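*Asks:* let's see this in three dimensions:
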Amino acid sequence: MAMLHVNGKAQQVDVTPDTPLLWVLRDALGMTGTKFGCGMALCGACTVHIDGQPTRSCVTPISAVANKKVVTIEAMGTDKIGKAVQAAWVELGVPQCGYCQGGQIMTATALLKQKPRPTDADIDEAMAGNICRCGTYTRIRAAIKHAAGQQGAKS
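*Replies:* Just a heads-up that it's a prediction; the model follows:
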């Protein structure tokens, strides 16, 4: 048995310590917003926050998240910055197929928490490794900038 803290709730799961966090979230907890993409931490579809840091859950064993806060895409609507990012995504029509967007939003939210007014270089660095097979990168960048503007206006 492993104890997790996911989206502000303690969760107990019966898995082996080497089980990837992705599969615990999806299969044991029914949180399917975090997607399987490559299984090698290369595409970003499985990104979650662990203690505030964007982390690829497909290669993170459950044993590595003991006593840490795990936040998934399911909780982004309750986070001020996450909510602004999601709203910008919708307003600017970022998603096409949508498969990668959970990971994109998780990474963008972590960026804006660290750098509320990111430069293009900051965005490129943070979002590197988040692959969008539909090629919505220009809209992703615009949405991040839009969310950053919304955050500044509300401060």
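*Asks:* next one: the residue nearest the centre of the chain from residue 1, what distance?
*Replies:* The centre of the chain sits closest to residue 106, judged by CA atoms, centre = their mean, with a distance of 2.3 Å. Separation of residue 106 from residue 1 (CB to CB, to the nearest Å): 27 Å. C-beta: built from backbone N, CA, C; applies to glycine.
*Asks:* next: residue 120.
*Replies:* Per CB to CB, residue 120 is found 46 Å from residue 1.
*Asks:* what do you get for residue 143?
*Replies:* Look at residue 143 and residue 1: by CB to CB, they are 40 Å apart.
*Asks:* ok, the two, which is more surrounded?
*Replies:* Neighbours were counted for residue 143 and for residue 1 using other CB atoms under 10 Å; residue 143 has more, 26 against 6.
*Asks:* quick check: mean pLDDT across the longest helix seen in the chain?
*Replies:* Ranked by number of residues, the top helix in the chain under DSSP state H is helix 137-154. The average of the pLDDT scores along helix 137-154 is 86.
*Asks:* quick check: mean pLDDT of the helix or strand encompassing residue 124?
*Replies:* In the assignment (DSSP states H and E), residue 124 maps to helix 120-127. Per-residue pLDDT over helix 120-127 has a mean of 96.
*Asks:* any buried residues in it, and which?
*Replies:* Across helix 120-127, burial judged by 16 or more other CB atoms under 10 Å covers 122-123, 126-127.
*Asks:* and stretch 117-130, C-alpha only, in PDB?
*Replies:* Provided in PDB are the C-alpha atoms of stretch 117-130 (Å, rounded to 0.1, in the frame of the first residue of the first chain):
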ATOM      1  CA  ARG A 117       5.800  37.600 -17.200                       C
ATOM      2  CA  PRO A 118       7.800  35.100 -19.300                       C
ATOM      3  CA  THR A 119       9.800  36.100 -22.400                       C
ATOM      4  CA  ASP A 120       9.600  34.100 -25.600                       C
ATOM      5  CA  ALA A 121      12.900  32.500 -24.600                       C
ATOM      6  CA  ASP A 122      11.400  31.500 -21.200                       C
ATOM      7  CA  ILE A 123       8.300  30.000 -22.900                       C
ATOM      8  CA  ASP A 124      10.500  28.100 -25.400                       C
ATOM      9  CA  GLU A 125      12.700  26.700 -22.600                       C
ATOM     10  CA  ALA A 126       9.800  25.700 -20.400                       C
ATOM     11  CA  MET A 127       7.600  24.200 -23.100                       C
ATOM     12  CA  ALA A 128      10.500  22.300 -24.800                       C
ATOM     13  CA  GLY A 129       9.700  18.600 -24.800                       C
ATOM     14  CA  ASN A 130       6.000  19.100 -24.800                       C
END
